[in-house]
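S.K.: this one's structure only:
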Ligand SMILES: Nc1ncnc2c1ncn2[C@@H]1O[C@H](COP(=O)(O)OP(=O)(O)O)[C@@H](O)[C@H]1O
Ligand SMILES: [Mg+2]
């Protein structure tokens, strides 16, 4: 079967710095894949290239949404990429502070709704129904993610762990077939991390989304992932199951080397 | 888009060159006058624009009050010169003291403005800082207007019409010559300051990454203050020179000149000092030729239209490089 | 509590202020008459003023820091609490309605006339609030669209005798059209260049109106613009002022109604999302350019409307009514009133326009105070006079 996301030969240069060096990654339908690597390896840059926030120097990004033909994402604007069914979260939480939790999720629904300026001003029946539906859908998503007690809170007032989950809820609201999570467990306590672990598996099993996540919490990565991709200095150095990666000497060297530098 | 840019650029350059050649043949002296007029104008813009570009480079803020700093420089020179003139001081002393006080006061104002209106907003949304900057500009204008007068005041001729220059004075006057020379010297000094001194290195580092700079021991607050002070000093020089050149001053002169200088900085590629100088010269010439050959009433219209056109085709300005904002 | 340290600091600051303001505040030159006046007393005023201002600044800074520590949840402004509370909502609105209704009948014409000016700013403020407050686009050339509306009415009426009631909706369309035309090239630029470019456009329209005499009658302006068509009924001067008053009240209500609806719609949410985080907003599937353009065009719509009413009310317009100061005044209304908050903007317009009208003594200092307020509000209370409050949704579970 075609991979739902197929990255080929992706290269990203910032002036003299090569943040990504011809990276190939393929994600299969229904899998939870992890992208790991030391800090500054280029993981977030990869997400930015896939989602159209950066324009890659070279390479192809192709998607095959379930039940649809293969399509290229090259050169598309971020909002179009999201419309095509890829949604992401941000490593440094980027919620909309001036809005309530529910409204944040409703922003995720935006690209699936239609009402325009005149609709907003004159509120015909169709627009009213659409709006009610959007509220109901968004609320439902919050329930699934376990944030329903915060519905009308301002997003900025949420506890940290809840903010990370809200990022996921918001992404989920765009109806993606692939979720890109950038360090979703960063800053969470063990209890929250455990809940996140369950949530991610639940999403895959019940929401029909595949997941690509960047994560530093190795325990989480090892327990969750069907497939792990390792990058270092912008190069992909390994791919495999948790067991294979654990015992891969190249990966160990990349990480240990990194640690000895830190010390 | 790239090819379209090149073809359009070439076409525009071709048309301009054609008209230029035609006009040069038709009336070479008039052309030369306009050329030098544009050069003078551009030089003054450059003195203001470097301040904008340095500040923008370091805190990514359009310092709307910069034009007012420049106006305050001019005004201070006027006050100092008038008082000293009344007390019967020698002309040379007056010129020197007027410049010294203008620079000192502009620096003091630039420093204070940063501390009051920008420093508390360093981590606030960009829009907040921008509005604060506009508020500051509004405040300073009205402060000068209320403390002095809303009217235009004649500005004393600080720079004399040297006798030895007489034969050439019909093409370019001595004050104009002074303006161009001063700009060359000041921007050269500024370039060296940024390239070779420790403070200059800190400035470049801070404009790249403030957090990293702070981590390696650079006092970012001090760097920002210095940037404001240096920018204010060049603006003050510009303020005095242009007031001499135009022969009058009022509280509002800083606003439009400041905006135009910012336009010049953006044209050249914001953040880059050579860019600011180049953009200023281009703007100076554009305005000079436009008003000389077409309509003189529409000088400002020309400047802004020119800016929009350039920005549409080269969003990062003439010398600016395309940058990917880190996400 | 004021600490000893603060007093010391304020003392030094006031010394610094004396030095800083010495040439401008103490010496007054007039190079026309060649006189120099020394105003030594000003040193004292500056010293005291700076000392007090510095203490106040420290106090506000302390309060802000304490406020940041506390939870901000309970700080919903009183107006909003009145509006949200079912018991008070109706009486509150009814009171305002009654005041608005009887106002022109119980006060002299002069006051009605001033109130009309203030209400023009309510419309302008609400319009600019869409652009600046909701969408976060700093538009310094808002006056462009205001001028379009005013000149559209003046010229269409002068040349073709077209009635107020036809130009009014037409000007809204014209505003939107010009908003789109200008916005299209400009909105793709980096965010803060927008401020400069729009400022440029605002200046351009003024310069063109001043110089294109055949079109606009230049600096002399257009005189004798008729008031709103009263369908054949003869009105005295006082009656016609009252007539305009109620027209503008109606337009204000319409503005509030639509702006409120927009704010809580799919489009309005997209504006706020874009203001809060442009990158995240795009990543959530929102088209940046389109969203900016709708905000820009819809903001311009209200300026067009306000322009027509302004022209009909003053019966005389010239380019000096449409300077950069006008744009900045409207911006102050939005910023000081409360960006993104319709109630705030309305209050802001009434306070900022009415106060200087009645306190003639301070009118001279109006712009000085506006400037200072902009800085102070941004530093200490970026949400403005009356903070924006988002709509809360009640969720009825759909049982399956
Ligand atoms: N917009 C940018 N401009 C310049 N350098 C960048 C930009 N974005 C990322 N980088 C650089 O690319 C490298 C990879 O960064 P990133 O992808 O964030 O790493 P990580 O794997 O920790 O997520 C880093 O050296 C970073 O500094
Ligand atoms: Mg990262």
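M.R.: Perfect, I can see it now. Bear in mind the structure is a predicted one, so any value in this text is a computation, not a measurement. Ligands and ions are numbered 1, 2, ... in the order given.
S.K.: now the helices for chain A?
M.R.: Along chain A, counting by DSSP state H, helices occupy A:43-50, A:78-83, A:101-109, A:117-122, A:125-145, A:160-172, A:190-207, A:218-224, A:242-246, A:249-262.
S.K.: now the angle from the third one to helix A:125-145?
M.R.: Yep, that's helix A:101-109 we're talking about. 110 degrees (axes from the mean of the first three to the mean of the last three C-alpha atoms, to 10 degrees).
S.K.: Now do helix A:101-109: distance to the chain's middle.
M.R.: Chain-centre distance of helix A:101-109: 16 Å, with C-alpha atoms, centre = their mean, to the nearest Å.
S.K.: Over to the second one?
M.R.: Mean C-alpha position of helix A:78-83 versus that of the full chain (C-alpha atoms, centre = their mean) differs by 13 Å.
S.K.: Tell me, please, where in the chain the pLDDT is lower than the cut-off.
M.R.: Here I'm looking at chain A. Within chain A, the set of residues satisfying pLDDT under 70 comprises A:256-263.
S.K.: The chain in question should be chain B.
M.R.: B:1-2, B:161-163, B:165, B:167-169, B:321-322.
S.K.: those helices in it, which residues are they?
M.R.: B:2-26, B:28-59, B:66-86, B:91-113, B:126-147, B:174-196, B:198-208, B:210-215, B:220-246, B:253-268, B:273-293, B:299-313.
S.K.: Would you convert those helices into CSV that also reports distance to chain A and mean neighbour count?
M.R.: C-beta: built from backbone N, CA, C; applies to glycine. What follows is those, written out as CSV (distance: least, C-beta to the nearest C-beta, whole Å; neighbours: other C-beta atoms under 10 Å in any protein chain shown):
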stretch, distance to chain A, mean neighbour count
helix B:2-26, 13, 10
helix B:28-59, 16, 23
helix B:66-86, 29, 27
helix B:91-113, 28, 20
helix B:126-147, 12, 23
helix B:174-196, 19, 17
helix B:198-208, 11, 17
helix B:210-215, 12, 13
helix B:220-246, 20, 24
helix B:253-268, 20, 27
helix B:273-293, 17, 22
helix B:299-313, 18, 19
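S.K.: so the one residue sitting closest to the centre of chain A bridges to which residues?
M.R.: Central residue of chain A (C-alpha atoms, centre = their mean): residue A:180, 1.8 Å from the mean position. Under the criterion DSSP bridges, residue A:180 forms beta bridges with residue A:88, residue A:212.
S.K.: That one contacts residue A:50, doesn't it?
M.R.: Yes - at 6.8 Å, residue A:180 counts as touching residue A:50 under the criterion of C-beta atoms under 8 Å.
S.K.: Overlap of the contact sets of these two?
M.R.: Residues touching both residue A:180 and residue A:50 (C-beta atoms under 8 Å, 6 or more residues apart in numbering or on different chains) are residue A:86.
S.K.: Compare the helices of chain A and give me the one nearest residue C:50.
M.R.: helix A:160-172 (42.3 Å; C-beta to C-beta).
S.K.: ok, is that closest one in contact with chain B or not?
M.R.: No - Helix A:160-172 does not reach chain B (C-beta under 8 Å from any C-beta of the partner chain); its nearest approach is 14.1 Å.
S.K.: elements contacting that helix?
M.R.: Helices and strands touching helix A:160-172, by 3 or more C-beta pairs under 8 Å, 6 or more residues apart in numbering or on different chains; DSSP states H and E, are strand A:86-88, helix A:101-109, helix A:125-145, strand A:178-182, helix A:190-207.
S.K.: And the contacts of that helix?
M.R.: A:87-90, A:93-95, A:101, A:104-105, A:107-108, A:141-142, A:144-147, A:150, A:155, A:158, A:179-181, A:184-189, A:192, A:196, A:199, A:203, A:207, A:209, C:284.
S.K.: who are the neighbours in contact with the nearest residue to residue A:22 once chain neighbours are set aside?
M.R.: Of all residues not flanking residue A:22 in the chain, residue A:9 sits nearest, at 4.7 Å (C-beta to C-beta, 6 or more residues apart in numbering or on different chains). The contact partners of residue A:9, by C-beta under 8 Å, 6+ apart, come to A:22, A:23, A:24, A:58, A:59, A:60.
S.K.: Tabulate the residues you listed (JSON lines), appending neighbour count.
M.R.: Below are those laid out as JSON lines (neighbours: other C-beta atoms under 10 Å in any protein chain shown):
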{"residue": "A:22", "neighbour count": "14"}
{"residue": "A:23", "neighbour count": "23"}
{"residue": "A:24", "neighbour count": "14"}
{"residue": "A:58", "neighbour count": "13"}
{"residue": "A:59", "neighbour count": "17"}
{"residue": "A:60", "neighbour count": "14"}
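S.K.: Grab the two from these that are most spread out in space.
M.R.: Based on C-beta to C-beta, the longest span within those runs between A:24 and A:58 and measures 12.3 Å.
S.K.: Quickly list what's touching both of the two.
M.R.: Shared contacts of residue A:24 and residue A:58 (C-beta under 8 Å, 6+ apart): A:9, A:10.
S.K.: does any part of the helix or strand containing residue C:289 sit near chain A?
M.R.: If you go by DSSP states H and E, residue C:289 is part of helix C:288-314. Yes - interface with chain A: helix C:288-314 contributes C:288, C:294, C:298 (C-beta under 8 Å from any C-beta).
S.K.: Tell me the spacing between the second one and chain B.
M.R.: Look at residue C:294 and chain B: by C-beta to the nearest C-beta, to the nearest Å, they are 19 Å apart.
S.K.: OK, contacts around that residue?
M.R.: Residue C:294 neighbours (C-beta under 8 Å, 6+ apart): A:117, C:267, C:271.
S.K.: Out of the residues you listed, which comes closest to residue A:249?
M.R.: residue C:271 (53.1 Å).
S.K.: Which residue is the nearest non-sequential neighbour of the closest residue to chain C within chain B?
M.R.: Nearest to chain C in chain B, going by C-beta to the nearest C-beta, is residue B:135, at a distance of 2.6 Å. Counting by C-beta to C-beta, 6+ apart, residue C:374 is the residue found nearest to residue B:135 once chain neighbours are left out, at 2.6 Å.
S.K.: The one you found against residue C:333, yeah?
M.R.: No - contact criterion C-beta under 8 Å: residue C:374 and residue C:333 do not qualify, at 11.0 Å.
S.K.: What is the burial count for residue C:239?
M.R.: Counted with other C-beta atoms under 10 Å in any protein chain shown, residues neighbouring residue C:239 total 14.
S.K.: secondary structure element for it?
M.R.: Using DSSP H and E, residue C:239 falls in helix C:237-263.
S.K.: Am I right that residue A:173 is in contact with residue A:109?
M.R.: Yes - with contact defined as C-beta under 8 Å, residue A:173 reaches residue A:109; the gap is 5.0 Å.
S.K.: what do the two both touch?
M.R.: Here residue A:173 and residue A:109 share the contacting residues A:137, A:138, scored by C-beta under 8 Å, 6+ apart.
S.K.: Between these two, which is the more surrounded one?
M.R.: residue A:173 (26 against 23).
S.K.: got a list of what that one touches?
M.R.: A:105, A:106, A:107, A:108, A:109, A:137, A:138, A:141.
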